[in-house]
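In: Quick check, what structure comes out for this input:
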Amino acid sequence: MPFVPPPRRPRFTFFSVRTQVLLAVTIVVITGMCVFFFLHSRSVVDRLVKDRLRNEAAIAAMQFTGEELASIRSAQDMQTPEFGEIVWRLKDIRAQTPGIRFLYIMRRTDDPQALAFVADADALESSDQLDRNNNGTVESFEQPGSPGDLYSIKDVPALQNEAFIEPTTDDDVTRDQWGYSISGYAPIRTSDGQAVAVLGIDLMAEDYAEILQSIFSLQAFALVVLGGVFIVFAVLGGMWKHRVEQMRHLDDERRWLLQLILHQVGTPLTIFKWGVESLKEMMASLPHAEQDEVRENVLIMEDGISRLDHVSEVLLAADRIQEGSMQVEEERVSLKIVVEDTIDGIASRVQQRGQRIDVQMPEDCMLTIDRRLLSGILRELLDNAIVYSPQQGVITVRVFKKSKHVEVSVQDHGGGIPHGDLPRMFERFSRGSNAGKFDPNGTGVGLYIARGIIERFGGKIGISSVEGQGTTITFTLPIVSER
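Out: Residues are numbered from 1 along each chain as shown. Modelled structure (predicted):
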């Protein structure tokens, strides 16, 4: 018989070549998605923490003025009531804000690489309170800064210039004998807007550092790659849940801090208003020569009270938009009448600056909206245009009626906004990087409030700007159907 070789055992393959290639591509894609979402989550957490720190530093800095810091220069000034009052306020802010480790104020010196302490929240603590490691001795690193003590900023870029312009933070988390921390800063200004000092906050960041450094171990990464789609989605779901919890936690803290500040501001603001009214009533009984001087000071105080009142109102409005609790009274209104009334309300400001508002509105239209809120939006956009436009400039309001909506734009020919700042202009507490040159006292929530109101009524809002040439804000609103 001829030799017949045994049948060759079929080669066992788990998947066909084509399936293996597809699986390999899928794993690569999934792995890439994991890496992308991991890095994106880190970026989001980093941004949220730094936004919170900038906001807290900015709100804390608003409780101090450059004038009250002027007399505190050396350790001898620690005995003065003014110093004790500033330290008490710093301690109160720290006690009311979770997570703050150190809180201090510093001013510039002749050395560009060094700042001088003005006050520290721990400046009046006892030795037992300062001995945090409980070794019976207050070490040098436990000593708070005294007025006039120098602090090197050679390795702190944020303190070299940016902190005196707008709220900012350090780039990275640092670690010392106290643990992980991250620092934020905000300028303290005089009544004329000049930044003369910086308030600094060192925030405990153990949880934040852990998130940034060990969210994703090598073992977990290998498990994701080998486990496939289900494990990938589980990891992504966990990371998303963690990010949402972080956002909710940070937002709750921000809202609590804002409500506390508004509550503390409200009482003294009312007292100031009463005081100004009393001065106005007394003015008639003063000699004629003194009336002019008192009247001038009353006007200055009224302007300051108005600014503080405006800040409180816009912060409260921003908080209500965030919560979705803004009160709305819908009614049928004429857009033309609202535009005219709003412009009449700011006519004196426009006249003082020698500016002109040109309204281009071919025909009127009716809207269903809260008249007060719509006027507030127009007022905010026109106020911005007035501030950022040169004197003798022209501000243009254009209204175009279309089939189902109306388009309103406010255009100025002022300083404009850097291109890189435009994507975040409708976020809370966001301003153009060059805004401080025109208005050092802005809050950065006006456009955020405007967007919330416009979208609440079914509209859209956008911005276009060229630095050095001007800015145009455009929003749309639905038109009431004619029946």
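
In: and Asp358, which of the three is it?
Out: strand (DSSP: H, G, I helix; E, B strand; the rest coil).

In: And the pLDDT at it?
Out: Per-residue pLDDT puts Asp358 at 93.

In: And for Asp110?
Out: pLDDT, Asp110: 91.

In: Kindly report the same for the one 3 residues further on.
Out: The confidence metric pLDDT takes the value 92 at Gln113.

In: Now do the contacts for it.
Out: By Cβ atoms under 8 Å, 6 or more residues apart in numbering, Gln113 lies in contact with Ser152, Ile153, Lys154, Gln160. Where C-beta positions appear, they are placed from N, C-alpha and C, glycine not excepted.

In: if you set the cut-off to 6 Å instead, what comes out?
Out: For Gln113, the contact set (Cβ atoms under 6 Å, 6 or more residues apart in numbering) comprises Lys154.

In: Leaving aside the residues adjacent along the chain, what's closest to Gln392?
Out: Gly354 (4.6 Å; Cβ to Cβ, 6 or more residues apart in numbering).

In: What's the separation between that neighbour and Gly470?
Out: 17 Å (Cβ to Cβ, to the nearest Å).

In: which secondary structure element contains the residue nearest in space to the middle of the chain?
Out: Centroid-nearest residue in the chain: Phe429, 2.8 Å away (criterion: Cα atoms, centre = their mean). Per DSSP states H and E: Phe429 is located in neither a helix nor a strand.

In: And the pLDDT for it?
Out: 70.

In: surely it meets Gly444?
Out: Yes - shown here, Phe429 and Gly444 form a contact pair, counting by Cβ atoms under 6 Å, at 4.4 Å.

In: Phi and psi next, for the residue nearest to the centre of the chain.
Out: phi 60, psi 30 (degrees, to the nearest 10).

In: Now name the helix or strand holding Glu125.
Out: Using DSSP H and E, Glu125 sits within no helix or strand.

In: List the contacts of it.
Out: With contacts defined as Cβ under 6 Å, 6+ apart, Glu125 has no neighbours.

In: That one and Ala114: what is the separation?
Out: Taking Cβ to Cβ as the measure, Glu125 falls 24 Å from Ala114.

In: Could you break the chain into its assigned domains?
Out: Recorded structural domains for the chain (assignment: automatic domain parsing) are 64-211, 258-322, 331-478.

In: which stretch in the ones you listed has the least confidence?
Out: Mean pLDDT values for those show the minimum at domain 258-322, a mean of 68.

In: May I have the secondary structure class of the residue lying closest to Ser464 once chain neighbours are set aside?
Out: In space, and not counting its chain neighbours, Ser464 is closest to Thr472: 5.0 Å by Cβ to Cβ, 6+ apart. Assigned with three-state DSSP, Thr472 falls in the strand class.

In: hey, where'd the helices end up in the chain?
Out: Taking DSSP state H to define them, one finds helices in the chain at 17-61, 66-69, 81-96, 127-130, 157-160, 206-214, 218-227, 229-282, 288-323, 335-345, 347-352, 371-388, 446-456.

In: Can you name every helix or strand that the third one contacts?
Out: Okay, so that is helix 81-96. Here helix 81-96 touches strand 100-108, going by 3 or more Cβ pairs under 6 Å, 6 or more residues apart in numbering; DSSP states H and E.
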